[in-house]
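Participant: Okay, here's the prediction I keep looking at, along with the sequence it came from:
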Amino acid sequence: MKHNDLISSIIRYEDGNMSENDTIAFFGELVANGMAWTLQGSYGRMAESLIRNGYLNRKGEILKEV
């Protein structure tokens, strides 16, 4: 993910302007590149929740959509 795309996605997520499926895809990218674990804690918790609930695997691959 490019820096500008990352910032844009973070803003969209934080503002609540992402669909559920966009959120899953966004967190899939964050998990895949390791950033889910380096951003503020709520990102890691959300990533863990999506993994625990079967939406993503530990590689960031999408397993199911909403």
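Facilitator: That came in fine, so what should we check first? Numbers count the residues shown, from 1 in each chain.

Participant: So what's the predicted local confidence for the most centrally placed residue in the chain?
Facilitator: Centroid-nearest residue in the chain: residue 27, 1.1 Å away (criterion: CA atoms, centre = their mean). As predicted, residue 27 sits at a pLDDT of 98.

Participant: Identify the residues contacting the closest residue to residue 62 other than its chain neighbours.
Facilitator: Spatial nearest neighbour of residue 62, chain neighbours left out: residue 28 (5.2 Å); criterion: CB to CB, 6 or more residues apart in numbering. C-beta coordinates here come from the backbone N, C-alpha and C atoms, glycine included. Remark: with contacts taken as CB atoms under 8 Å, 6 or more residues apart in numbering, residue 28 is in contact with 56, 60-62.

Participant: Kindly report the same for residue 22.
Facilitator: Contacts of residue 22 (CB under 8 Å, 6+ apart): residue 12.

Participant: so it, which of the three states?
Facilitator: helix (DSSP: H, G, I helix; E, B strand; the rest coil).

Participant: Distance of it relative to residue 65?
Facilitator: Going from residue 22 to residue 65 by CB to CB, to the nearest Å gives 10 Å.

Participant: same question, residue 54
Facilitator: 11 Å.

Participant: Keeping just the C-alphas, turn stretch 34-47 into CSV.
Facilitator: Extracted in CSV, the C-alpha atoms of stretch 34-47 (Å, rounded to 0.1, in the frame of the first residue of the first chain):
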residue,chain,number,x,y,z
GLY,A,34,2.5,-6.1,9.4
MET,A,35,1.2,-2.5,10.0
ALA,A,36,-1.8,-3.8,12.0
TRP,A,37,0.6,-4.6,14.8
THR,A,38,2.5,-1.3,14.7
LEU,A,39,-0.4,1.3,14.5
GLN,A,40,-2.3,2.3,17.6
GLY,A,41,-3.7,-0.5,19.7
SER,A,42,-7.2,-0.3,18.3
TYR,A,43,-5.9,-1.4,14.9
GLY,A,44,-4.3,-4.6,16.3
ARG,A,45,-7.5,-5.3,18.3
MET,A,46,-9.7,-4.9,15.2
ALA,A,47,-7.3,-7.1,13.2
